[in-house]
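Asks: The following block contains a protein sequence and its predicted model.
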Amino acid sequence: MNPRHLDLDLLRTLVAIADSGSFSTAAERLGRSQSAVSLQVKRLEEQVGQPLLDRAQGRLNGPTEEGRALLDYARRLLRLHDEACSLFSAPGVSGQLRVGLPEELMEDAFPAVLQAFAQACPRVTLSLRSDLSVRLGQALEAGELDLAIVKRVGAGAPQPPAGLGERVLRQEALVWFTGEGSEAAHQRPLPLAVFQEGCVFRVAGLAALAQAGIEPVLRFTGHSATGIRHAVAAGLAVAPLPRGMAQPGLVAVRQGLPPLPATALVARWRGAEPLASAAHLLELLQRQLWAPAALPA
């Protein structure tokens, strides 16, 4: 079959499945049922006349060779489409937007978001502040920020403080990472690389070790995700980090260390709804957070 038109909505579904690795997660991200997502994939495969996803016995093994080729075009088409829409989605938005966020988000996902936001909202003056989640939350409640993007660790979804609204941007596993070929995970006391005191990842890791009766020793403490990843990749220590922060040189510890709770990235604002500029920034950020990320081995 030689299609004359590729439906962008169907391409977005294919990308969501490829990025998340499952139909159910893609359905949640897209706000659709799993059956609707499956139907969209079937329609796209009928359009191109080729199987795009390798499925065997109910398991998704990834895209086919044809699927990988189409995914490359799909990402480029969707990026151009979304950039064009962004230019006209908030033409009248102006004023100041004060945003607080974790430093590792500024290193990884936020630079691309800033560029897109500047193009879409040129009349908005953006001020950024990087800090610990607890301090960002306090600054938001004090009226020093319009939007705070904070980290949360643990099961359940506690209600935000009174007068604040919130949206969960991303949920993922918290993982013990070590360097490729490193023996750090087998050493006792356990050498750790962690963020500064008060970081929720650090608190969760130390609590899990205490419950398991494993004595830790701090080998690296810093403010930068890049610094922690370098320390781990060099074999100096292990670190409790979100799965999405994996990079080449880091592998997940499979045995010998206690399980860690899930982590969530949460946006909070004062009032029932965020400012129009904040809502647009969150939309751009959530798209970036869904982009492909390296996975631990």
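Replies: That came through, no problem.
Asks: tally of neighbours for residue 114?
Replies: 16 (other Cβ atoms under 10 Å). All C-beta atoms are positioned from the backbone trio N, CA, C, and that covers glycine.
Asks: Same question for residue 40.
Replies: Using other Cβ under 10 Å, residue 40 has 23 other residues around it.
Asks: how about it, what does it touch?
Replies: By Cβ atoms under 8 Å, 6 or more residues apart in numbering, the contact set of residue 40 is 9, 10, 13, 32.
Asks: where's the first one, which helix or strand?
Replies: I take that to be residue 9. If you go by DSSP states H and E, residue 9 is part of helix 8-20.
Asks: Go through that helix and flag the buried ones.
Replies: 10, 11, 12, 13, 14, 15, 16, 17, 18, 19, 20 (16 or more other Cβ atoms under 10 Å).
Asks: Could you list the residues in contact with that helix?
Replies: So helix 8-20 is contacted by 23, 26, 29-30, 32, 37, 40-41, 43-44, 47, 52-53, 60, 62-63, 67, 70-71, 74-75, 77-78, 81, 290-293 (Cβ under 8 Å, 6+ apart).
Asks: Skipping its backbone neighbours, what lies nearest residue 132 in space?
Replies: In space, and not counting its chain neighbours, residue 132 is closest to residue 198: 4.7 Å by Cβ to Cβ, 6 or more residues apart in numbering.
Asks: And the one you found, its phi and psi?
Replies: Per-residue torsions, residue 198: phi 100, psi -10 (degrees, to the nearest 10).
Asks: For it, give me its contacts.
Replies: Per Cβ under 8 Å, 6+ apart, neighbours of residue 198: 132, 134, 135.
Asks: wait, the first one sits on residue 199?
Replies: Yes: with the criterion set as Cβ atoms under 8 Å, residue 132 and residue 199 qualify as a contacting pair; they are 6.2 Å apart.
Asks: any idea how far residue 110 is from residue 131?
Replies: 14 Å (Cβ to Cβ, to the nearest Å).
Asks: the more surrounded of the two?
Replies: Under the criterion of other Cβ under 10 Å, the comparison of residue 110 against residue 131 puts residue 110 first, with 23 against 20.
Asks: so that one makes contact with residue 285?
Replies: Yes: Residue 110 lies in contact with residue 285 (Cβ under 8 Å); the separation is 7.2 Å.
Asks: quick one on the thing from earlier: tabulate the buried residues of helix 8-20 (a markdown table), appending distance to residue 271.
Replies: Listed next are these as a markdown table, based on distance: Cβ to Cβ, whole Å:
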| residue | distance to residue 271 |
| --- | --- |
| 10 | 37 |
| 11 | 36 |
| 12 | 31 |
| 13 | 33 |
| 14 | 37 |
| 15 | 33 |
| 16 | 30 |
| 17 | 35 |
| 18 | 37 |
| 19 | 32 |
| 20 | 31 |
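Asks: From these, pick the one nearest residue 205.
Replies: Among those, residue 20 lies closest to residue 205 (Cβ to Cβ), at 25.6 Å.
Asks: where do the helices sit along the stretch 101-250 of the chain?
Replies: Secondary structure of the stretch 101-250 of the chain by DSSP state H, counting those that start in this stretch: the helices cover 103-108, 110-120, 133-141, 200-212, 225-233.
Asks: Okay, now stretch 259-276: how far is its last residue from its first?
Replies: 40 Å (Cα to Cα, to the nearest Å).
Asks: can you pull the buried residues of it?
Replies: Counting neighbours by 16+ other Cβ under 10 Å, the buried set in stretch 259-276 is 260-270, 274-276.
Asks: Would you point out the most distant pair within the buried residues of helix 8-20?
Replies: 10 and 20 (16.1 Å).
Asks: Could you report the pLDDT at residue 160?
Replies: Reported pLDDT at residue 160 in the predicted model: 67.
Asks: same thing with residue 87?
Replies: So residue 87 comes in at 60 (pLDDT).
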